[in-house]
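Participant: Provided below for reference: sequence and predicted model.
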Amino acid sequence: MNVVMRTMLRSVAALTISAAAFSAALPHPVHAEPMLSVTIDQSAHQTSSINKNDRQYVPAVFFQKMGATVLWNDSSQTVTLTNGSRQVMFPSGGTQVIHRPGRTYIPLRYAAESLGMSVDYNAKTESVSIQTHPAALSTLAASTATKISKDDFYWLAQITEAEAGGEPYEGKVAVAAVILNRVNDPEWPNSIQDVIFQIVKVNGTKYYQFSPVLDGRIYKVTPDEETNRAVKDALNGTDPTDGATVFYNPKKTTNKWVRERPVSTTIGNHIFSY
């Protein structure tokens, strides 16, 4: 082999080694979650997000941009968000938490509304708008409260306890929200008590809308402090179901009509549908 050829081979080998060393020095590619556009009080932001069961999850720390305090309790393995007098907690092993390396994701709408904020989702642009102003929400709560009598609150708490007494807090809020969603839907009665106690006759057979009314549990339960708080949150606009008007436990019903409804989300033992 002549001198020129040996020199060329050495050059090629050196280039190969240099390229391999450069490649090894590069960081391994990290899977990036999709980015979500979020407007907070007219200020534009971007955050990574996870869509699960048609719900948007964002990193818990993102709520710091909304003025919330975000704390991690190592002993209880819980993320706690605080905004003024409002607080919401997310246990690490709960269904509302998704873990990724270095980040903990929580449901955007539920967390924001629990902290007293309003949330609007634009399906066309796939973006979210959040208003953090407590004054506007206080006005909303006050106007809602004027429409609710003591009897209405009593029965709303009774049905919530009877249907979701053993469910997580979000599940209680969701059940109360379904009742209120029906009140606002022209397909259902327009008052809380009429919705709860509605009976539909089909071919001479009576169908109760809620099993606790049929079996009498609604008259026997005693709502605890958590249930009453969940009802108040629903009345103030928190709706983890995004407008669902139906819920059911798939282990306890074979009703074809309810099972064919479009699903909104699953919370605890209940499926919530439209």
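Facilitator: Received, thanks.

Participant: where in the stretch 51-200 of the chain is pLDDT low?
Facilitator: Residues of the stretch 51-200 of the chain meeting the criterion pLDDT under 70: 133-147.

Participant: if we go to 50?
Facilitator: Low-confidence segments of the stretch 51-200 of the chain, defined by pLDDT under 50: 134-146.

Participant: Do you have the helices of it handy? List them.
Facilitator: 108-114, 134-145, 150-164, 169-183, 192-196 (DSSP state H, counting those that start in this stretch).

Participant: Redo those as a markdown table? Include distance to Y207 and mean neighbour count.
Facilitator: (Glycine included, C-beta is placed from N, CA and C.) Putting these into a markdown table (distance: least, CB to CB, whole Å; neighbours: other CB atoms under 10 Å) gives the following:
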| stretch | distance to Y207 | mean neighbour count |
| --- | --- | --- |
| helix 108-114 | 31 | 25 |
| helix 134-145 | 30 | 13 |
| helix 150-164 | 16 | 21 |
| helix 169-183 | 15 | 25 |
| helix 192-196 | 14 | 20 |
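
Participant: who wins for proximity to V97 among those?
Facilitator: helix 108-114 (10.8 Å; CB to CB).

Participant: what packs against that closest one?
Facilitator: strand 55-59, strand 86-91, strand 118-122 (3 or more CB pairs under 8 Å, 6 or more residues apart in numbering; DSSP states H and E).

Participant: by how many degrees do the second one and helix 169-183 diverge?
Facilitator: What that stands for is strand 86-91. With axes from the mean of the first three to the mean of the last three CA atoms, to 10 degrees applied, the angle from strand 86-91 to helix 169-183 works out at 120 degrees.

Participant: try the last one
Facilitator: The directions of strand 118-122 and helix 169-183 differ by 70 degrees, with the same axes, to 10 degrees as the criterion.

Participant: Relative to strand 118-122, what are the paired strands and their orientations?
Facilitator: Next to strand 118-122 in the sheet, as set by DSSP bridges, lie strand 127-131 (antiparallel).

Participant: Return the set of buried residues in the partner strand.
Facilitator: V128, S129, I130, Q131 (16 or more other CB atoms under 10 Å).

Participant: what's the answer for stretch 65-81, then?
Facilitator: M66, A68, V70, T78, V79, T80, L81.

Participant: Got the domain ranges for the chain?
Facilitator: 35-131, 148-273 (automatic domain parsing).

Participant: returning to what we had before: which stretch among the helices and strands packed on helix 108-114 approaches I199 most closely?
Facilitator: Once these are compared by CB to CB, strand 55-59 is nearest, at 33.1 Å.

Participant: so what secondary structure elements neighbour that closest one?
Facilitator: Under the contact definition 3+ CB pairs under 8 Å, 6+ apart, strand 55-59 sits against strand 35-40, strand 43-48, strand 50-52, strand 103-107, helix 108-114.

Participant: taking those together, which one is wrapped up most tightly?
Facilitator: Across the helices and strands packed on strand 55-59, averaging neighbours per residue (mean count of other CB atoms under 10 Å) puts helix 108-114 on top, at a mean of 25.
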